[in-house]
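1. build the 3D model from these lines:
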Amino acid sequence: MIYVGTDDGLLQITEDGGKNWRKVEKVGDVPELAYVSRIVTSNSDANTVYVAFENHQNADFKPYLFKSTDAGHTWTSIKGNLPANWPVWAIAEDHVNPNLLFAGTEFGLFFTVDGGQKWIQMRGGLPTIQIRDLVIQKRENDLVVGSFGRGIYILDNYTPLRSITAEMLKTDALFPVKDGLMYIQAQPLGGRGKSFQGESFFTAENPAFGATFTYYLKEELKPRKTRRQEAERAAARSGGQINLPNGATLSAEEEEEAPAMIFTITDSTGKVVRRLTGPTTAGMQRVTWDLRSPAPSLPPPPNPEGEDPFNEGPAGPLVMPGTYKVSAAKRVNGAMTPIGREQEFQVAVEGQDRMNPADRIALVEFQTKVARLQRAVQGTLETANALTPRFVAIRRALIETPNAPESLLNEASALEKRKNEILRALRGDQALRQRNMNLPPSITERVGDIVGGQRMSTARPTQTQIDQYTAAAAEFEGTLNQLRQLIEVDLQKLEKQMEAAGAPWTPGRIPEFNKSRSDDR
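-> All right, here's what the predicted structure looks like:
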């Protein structure tokens, strides 16, 4: 069976391989000589076919979109609510749900889940441009969109559209999750994306790595302030009364916790392995889990001068392959409200059946141990670094305190020297390193070497990495105890003495006050 469409509005159909042809000269309200812009046969029924006509050459920009279920003998319009002046250039039918159709028009992409009765425009970063071709990649359930003059766009895994119904869109929903494929991402150009190849080097993004969660929000999650301001504008437009907020309302608005979408991922035992946040705007949204446990530290704030191409940012170890579940909830005004149903999915590794399970378990256990050590070392280093300006303020305050004995200033200097020794153990001697002197590896250097070597590894740890961990963990344990003694005992004692002497307030010290005290020192 072959269908042929011509640029003078005719359809030619053969059902015997071209021996005999049947001509269709009139389809619905299509004007004569309109171009046949696209013919698409159904994936599910041999006698079902879709055809689009385009008549702009006669100053007619209406959409003409038809369906036949009897091999072109009769036709039904399925243009539905497509915009009146947006010609149709391309059609695609889902290979699983024949009621899920896509249409490429002069000004964008549309889809329908009811066979063409109602069409919904798809945006999500797609520009307002002529869509000239649509192809479905059946294995991955991706929609490939060819535009006129703006390149190719790919909608990854559109399967959630198959289950959308009008009833479902009346409430929030979490859609089934495609299995996540775990692998080590290649960087053939020496860095992310096009690396340092320059803007003239073309490369397109890959799909997001990991497991992608698709969800629907009927309404945007808005803070109280936004809702109040919208109500005031609506009242102003309608001529209604506007009630000014009182002080308590304004304070509550400023202190309100921002609304959030929170996704909780659990493993097969029910243990929570990760939590993620996602967009809170209305409509279809997506968030992707990178198949890793939580990072040992928070990512740094955005750099206004640009992203460091050599810094991948903190990341936890990859999880074990297996079964996982994800649930979604809205957090508004401090209250969690679940949405949709919990969804189960698999995390798989290519060639998993040929891997040694003991090696994989050893790798994950080692990476988890290293991540715990890295978190503690980074936190200890930041805590010790924060003491530097604190001691500067303490020395200045003691000098300016008439009642402070010299012994307190000496004690502050001694504590600061202990802090410097702790920093040397954690990060090495900065003064000697700046002079290119050979130094033994510091705690952070040992941990950094292990993390760098294990970040993209799927093999069990080497003996060198195990030895590095043993040495770093043993040295760090003593260093951490020294810092704890310094801050929780000795520094607190010094600050209490400073408070008793009436020293000016310094960062990190809680002032004392007694209203019945008569002297002012």
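
2. what about the stretch 351-500 of the chain, any weak spots by pLDDT?
-> Residue ranges of the stretch 351-500 of the chain with pLDDT under 70: 352, 355.

3. if we go to 80?
-> For the stretch 351-500 of the chain, the stretches flagged by pLDDT under 80 are 351-357, 359-360, 433-434, 454-459.

4. next one: the chain
-> 166, 192-193, 296-314, 350-357, 359-360, 433-434, 454-459, 513-521.

5. which parts of it belong to which domain?
-> If you go by automatic domain parsing, the domain ranges for the chain are 2-159, 165-185+207-237+253-298+314-354, 357-500.

6. all helices for the stretch 151-300 of the chain, in order.
-> 224-238, 247-255 (DSSP state H, counting those that start in this stretch).

7. for the chain, same thing?
-> Under the criterion DSSP state H, the chain contains helices at 224-238, 247-255, 357-399, 406-427, 430-433, 443-454, 463-485, 492-500.

8. hmm, who's touching the shortest one?
-> Residues outside helix 430-433 that contact it (CB atoms under 8 Å, 6 or more residues apart in numbering): Leu439. In this view, the C-beta of every residue, glycine as well, is placed from N, C-alpha and C.

9. go again with 10 Å.
-> With CB atoms under 10 Å, 6 or more residues apart in numbering as the test, helix 430-433 has contacts from 420, 423-424, 427, 437-439, 442.

10. buried subset of the residues you listed?
-> Taking 16 or more other CB atoms under 10 Å as the criterion, what is buried in the contacts of helix 430-433 is 420, 423-424, 427, 442.

11. which of these sits closest to Lys79?
-> Nearest to Lys79 among the buried ones among the contacts of helix 430-433 is Arg427, at 67.6 Å by CB to CB.

12. does the closest one really touch Arg446, like I thought?
-> No: taking contacts as CB atoms under 10 Å, Arg427 lies outside contact range of Arg446: 11.3 Å.

13. quick check: neighbours shared by these two?
-> Common neighbours of Arg427 and Arg446 (CB under 10 Å, 6+ apart) are Val377.

14. about what we covered before: let's have the domains of the chain in JSON lines, adding distance to Gly198.
-> Shown next, in JSON lines, are those (distance: least, CB to CB, whole Å):
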{"stretch": "domain 2-159", "distance to Gly198": "18"}
{"stretch": "domain 165-185+207-237+253-298+314-354", "distance to Gly198": "22"}
{"stretch": "domain 357-500", "distance to Gly198": "25"}
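
15. re earlier: save the contacts of helix 430-433 as CSV, and put in distance to Pro160 too.
-> CSV is the format used below for those (distance: CB to CB, whole Å):
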residue, distance to Pro160
Asn420, 57
Leu423, 51
Arg424, 55
Arg427, 48
Met437, 59
Asn438, 58
Leu439, 55
Ser442, 49
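
16. which of those residues sit farthest apart?
-> Asn420 and Asn438 (20.7 Å).

17. returning to that earlier point: of the helices of the chain, which is nearest Lys138?
-> helix 357-399 (31.5 Å).

18. and the angle for the closest one with helix 492-500?
-> 30 degrees (axes from the mean of the first three to the mean of the last three CA atoms, to 10 degrees).

19. off-centre distance for helix 357-399?
-> 26 Å (CA atoms, centre = their mean, to the nearest Å).

20. got it, and stretch 420-436?
-> Taking mean C-alpha positions (CA atoms, centre = their mean), stretch 420-436 and its chain are 37 Å apart.

21. what does stretch 256-274 give?
-> For stretch 256-274, the distance to the chain centre is 14 Å (CA atoms, centre = their mean).

22. stretch 351-369 now?
-> That offset, for stretch 351-369, works out to 26 Å (CA atoms, centre = their mean).

23. may I see the buried residues of it?
-> 360, 363-364, 366-367, 369.

24. now the residues you listed as JSON lines including distance to Ala472?
-> Output for the buried residues of stretch 351-369, formatted as JSON lines (distance: CB to CB, whole Å):
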{"residue": "Arg360", "distance to Ala472": "24"}
{"residue": "Leu363", "distance to Ala472": "18"}
{"residue": "Val364", "distance to Ala472": "19"}
{"residue": "Phe366", "distance to Ala472": "13"}
{"residue": "Gln367", "distance to Ala472": "15"}
{"residue": "Lys369", "distance to Ala472": "11"}
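
25. and the contacts of helix 430-433, which is closest to Thr74?
-> Arg427 (79.3 Å).

26. list the contacts for the closest one?
-> 377, 381, 384-385, 433, 442-445.

27. out of those, give me the one that has the most neighbours.
-> Val377 (25 neighbours; other CB atoms under 10 Å).

28. for it, which non-adjacent residue is spatially closest?
-> Spatial nearest neighbour of Val377, excluding adjacent residues (CB to CB, 6 or more residues apart in numbering): Val447 at 5.4 Å.

29. now Leu174
-> That would be Gly340: by CB to CB, 6+ apart, it lies 3.1 Å from Leu174.

30. out of the domains of the chain, which is closest to Ile510?
-> domain 357-500 (8.6 Å).

31. span of that closest one from start to end?
-> 62 Å (CA to CA, to the nearest Å).

32. what about the longest strand in this structure?
-> strand 335-349 (DSSP state E).

33. and it, which strands flank it?
-> strand 180-182 (parallel), strand 322-332 (antiparallel) (DSSP bridges).
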